[in-house]
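K.L.:
sequence first, predicted model second:
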2 protein chains.
Amino acid sequence: MALTLHDVALRAGVSFKTVSNVINGHPHVRPATRAKVEAAIAELGYRPNLTARSLRSGHTGAITLAVPQLRLPYFAELADSIISSAEELGMVVLLEQTGGVRERELEMLASPRLRMSDGLIFSPLGMGEQDAPRVNAPVPLVLLGERIFSAGCDHVVMQNVEGARAATEHLLARGRRRIAVIGAHENEEIGTAGLRLRGYREALAAHGVPYDAGRVASMWMWHRSNGAAAMHQLLDKGVEFDAVFGFNDTLAQGAMRVLQDAGLRVPQDVAVIGFDDLDETRYTLPTLSTVDPGRAEIAQTALQLLMDRIKGTTVGGPRRVESTFRLMERESTAVSR
Amino acid sequence: MALTLHDVALRAGVSFKTVSNVINGHPHVRPATRAKVEAAIAELGYRPNLTARSLRSGHTGAITLAVPQLRLPYFAELADSIISSAEELGMVVLLEQTGGVRERELEMLASPRLRMSDGLIFSPLGMGEQDAPRVNAPVPLVLLGERIFSAGCDHVVMQNVEGARAATEHLLARGRRRIAVIGAHENEEIGTAGLRLRGYREALAAHGVPYDAGRVASMWMWHRSNGAAAMHQLLDKGVEFDAVFGFNDTLAQGAMRVLQDAGLRVPQDVAVIGFDDLDETRYTLPTLSTVDPGRAEIAQTALQLLMDRIKGTTVGGPRRVESTFRLMERESTAVSR
DNA sequence: TTGAAAGCGCTAACAC
DNA sequence: GTGTTAGCGCTTTCAA
């Protein structure tokens, strides 16, 4: 059985409350007493029972992070950032994977497990605006992305429309007029895919280029394999294009490889751009142009918002913070035509 | 304030213990009573307080997973697998990043936070054999990899020596004799790097090819940038080679890109092989030959061993399980010379 | 089949 | 400064 405060108190010859005071850095403890207690703690190798502390104090020192899947590199890099930032604040992170499946997301929001943490950072993918009433976690919540606008909680969003517009304009500026899109979600308006499509269309419209739905490949998941599959579809259908905008970098990478297999040169024949600025975009052949959505900023901001809510620092109504994006020009769009 | 068993009991007109019985699926509850209680739970939206349950029952329903960094794709894919497997067992995962730094690893092992979970799956990188006495977590522990052989706990290891030997032999079979290595750890014998180097040397020896330390580039971290840096070093030093063995896929990817920048063709001039079988190896240009270390198997096995310990199923002394590897031949080694 | 009582290890009030 | 007391919400034991 693990040691308790009582064991330490016995050893140090004080009451167990004094031990508690020492551990919690209570100011009014005589140095000699403190030393005695600390010695006893060290000798015994005592470690406080955080579960008991949580029950009593009402907070756990943990937060939950819920993402679709860690094997999507974007979420791995995001989780890395959030865990690092949390660690600096002395918080530990419970990681849940929802698979991007709506039912699992809803289940997670309602789960008693959430109360093993003090708050939740949640990146939904399957849920949508219609689920706003059910966004009702038993702990403070920060939402990542715009899938559920009207939930009454803090949001951290990236500039999806603006970033996608910039990416598209970058291609237009390279003389590309027939820009295929990979990763759309049909009938989606305010999810990541919907917003990026809107940015794409806005850019086209601004430059007087007609929108052609035939160049838009839908793909619910955004793995490399989905990018490859979408590109195969476009090629098989004989769709003509001189550029590809992958709604994320892994889609773009999958697509790029299929293009190359088909004998098309990137960027000479087809320019390719992605979204996310993953580390690997710096090492593909050619390196992949992309949009840096400000991932580190998103991680830090989300955590900050959440900690404010947890601490109850008065912050008023739901807040919405937007990260800044940056276009990363690399080899995959380096040639004009 | 959140609802408690008492609130539900009041509502249902029974004692709070009966509510507890219902929640825990206790067999001897009259159906009518059960229905009454369940109705009350639903109406009130009651959720049990897991912290209190943990304190009383002595287990948390969580495990800790400690890895160097999630932005190393190997660990992201590993964590993905472990979290998915854990979820199937009804366990949730606390994710810690150690950065691969020895002090942080030791600190984590001694941390009271570990007791917020029932057990630990730990992938050390900074610690070594000399730290075996300090591998003494307050919860059951399963070690991933061979850095600390003599710790008295369960191990799950991959076949590093055998896999590296197979990779090297694959290159030798392609007529390559001057095989550079990237990612060695100097003076390491039983870490991942040390074992893979041993496999490499064994393969050379078996084929009568002399070992040349000048072809071995050391690199502590295994990011893509490290692979690129190592390759630059080799090229700058004028080292001659007709193949490169990256000790993981990200190193290989970084190296491959630098080779291509230097005007060397992969695989015609230089064959490249990695280790880990990351998803991205299927999409690089050329696709990257690699060794599949059996990641899914490792994840499941580690979890199984840990759950055995947690449940106290009598299992005897420390167990050691080895996953099976598989050579994945792709384009980056497709040409003989 | 249900209820009462005890206590998991800790922190927060308050007394000494 | 230090000790005593009372619970946090739950499960476990044992009695009814």
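P.N.:
That came through, no problem.

K.L.:
list the helices and strands the helix or strand containing A:Ala42 packs on?
P.N.:
For A:Ala42, the host element (DSSP states H and E) is helix A:31-44. Applying 3 or more C-beta pairs under 8 Å, 6 or more residues apart in numbering or on different chains; DSSP states H and E, we find helix A:31-44 packed against helix A:5-12, helix A:16-23. (C-beta placed from N, C-alpha, C; glycine too.)

K.L.:
report the buried residues of the first one.
P.N.:
Of the residues in helix A:5-12, those buried by neighbour count under the rule 16 or more other C-beta atoms under 10 Å in any protein chain shown are A:5, A:7-9, A:11-12.

K.L.:
residues near the residue in the stretch 151-300 of chain A that DNA strand C sits nearest to, how many?
P.N.:
Distances between the stretch 151-300 of chain A and DNA strand C by C-beta to the nearest atom of the strand are smallest at A:Asp154, namely 25.7 Å. As a burial measure, A:Asp154 scores 23 neighbours (other C-beta atoms under 10 Å in any protein chain shown).

K.L.:
give me phi/psi at it?
P.N.:
With angles defined as degrees, to the nearest 10, A:Asp154 sits at phi -70, psi 150.

K.L.:
I figured it hits A:Gln304, correct?
P.N.:
No - between A:Asp154 and A:Gln304 there is no contact under C-beta atoms under 8 Å: 9.8 Å.

K.L.:
flag every residue of the stretch 1-150 of chain A that's near DNA strand D.
P.N.:
Counting by C-beta under 7 Å from any atom of the strand, the positions of the stretch 1-150 of chain A adjacent to DNA strand D are A:14-18, A:21, A:26, A:28-30, A:32-34, A:52, A:55-56.

K.L.:
for DNA strand C, what are the nearby residues on the stretch 51-200 of chain A?
P.N.:
Counting by C-beta under 7 Å from any atom of the strand, the stretch 51-200 of chain A comes close to DNA strand C at A:52-53, A:55-57.

K.L.:
what about the helix holding A:Ala42 and DNA strand C, touching?
P.N.:
No - counting by C-beta under 7 Å from any atom of the strand, DNA strand C has no neighbours in helix A:31-44; the shortest distance is 10.4 Å.

K.L.:
got the buried residues for that helix?
P.N.:
Those would be A:33-34, A:36-37, A:40-41, for helix A:31-44 by 16+ other C-beta under 10 Å.

K.L.:
on that earlier part again, format the buried residues of helix A:5-12 as TSV; extra columns: pLDDT.
P.N.:
Listed next are these as TSV, based on pLDDT from 0 to 100:
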residue	pLDDT
A:Leu5	90
A:Asp7	87
A:Val8	88
A:Ala9	87
A:Arg11	87
A:Ala12	88
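
K.L.:
quick check, nearest of the residues you listed to B:Asp269?
P.N.:
The closest of these to B:Asp269 turns out to be A:Val8 (C-beta to C-beta; 66.8 Å).

K.L.:
please report the distance of that closest one from B:His170.
P.N.:
59 Å (C-beta to C-beta, to the nearest Å).

K.L.:
got it, and A:His6?
P.N.:
62 Å.

K.L.:
what residues does whichever residue of chain A sits closest to chain B make contact with?
P.N.:
Going by C-beta to the nearest C-beta, chain B is nearest to A:Ala76 of chain A, at 3.4 Å. Counting by C-beta atoms under 8 Å, 6 or more residues apart in numbering or on different chains, A:Ala76 touches A:70, B:70-71, B:73, B:76, B:79.

K.L.:
do A:Pro267 as well
P.N.:
Listed by C-beta under 8 Å, 6+ apart, the contact partners of A:Pro267 are A:174, A:286, A:331-335.

K.L.:
buried only: go through those residues for me.
P.N.:
Neighbour-count burial (16+ other C-beta under 10 Å) is assigned, among those, to A:174, A:286, A:331-333, A:335.

K.L.:
mind giving me the domain ranges of chain A?
P.N.:
With domains defined by automatic domain parsing, chain A comprises A:5-47, A:62-158+A:295-326, A:160-292+A:328-333.

K.L.:
looking at those, which one has the lowest mean pLDDT?
P.N.:
Looking at the domains of chain A, the lowest mean pLDDT belongs to domain A:5-47 (a mean of 87).

K.L.:
that one: end-to-end distance?
P.N.:
9 Å (C-alpha to C-alpha, to the nearest Å).

K.L.:
distance between it and the chain's centre?
P.N.:
42 Å (C-alpha atoms, centre = their mean, to the nearest Å).

K.L.:
how about stretch A:65-75?
P.N.:
With C-alpha atoms, centre = their mean, you get 7 Å for stretch A:65-75.

K.L.:
do the same with stretch A:261-270
P.N.:
On C-alpha atoms, centre = their mean, the centre of stretch A:261-270 falls 32 Å from the chain's centre.
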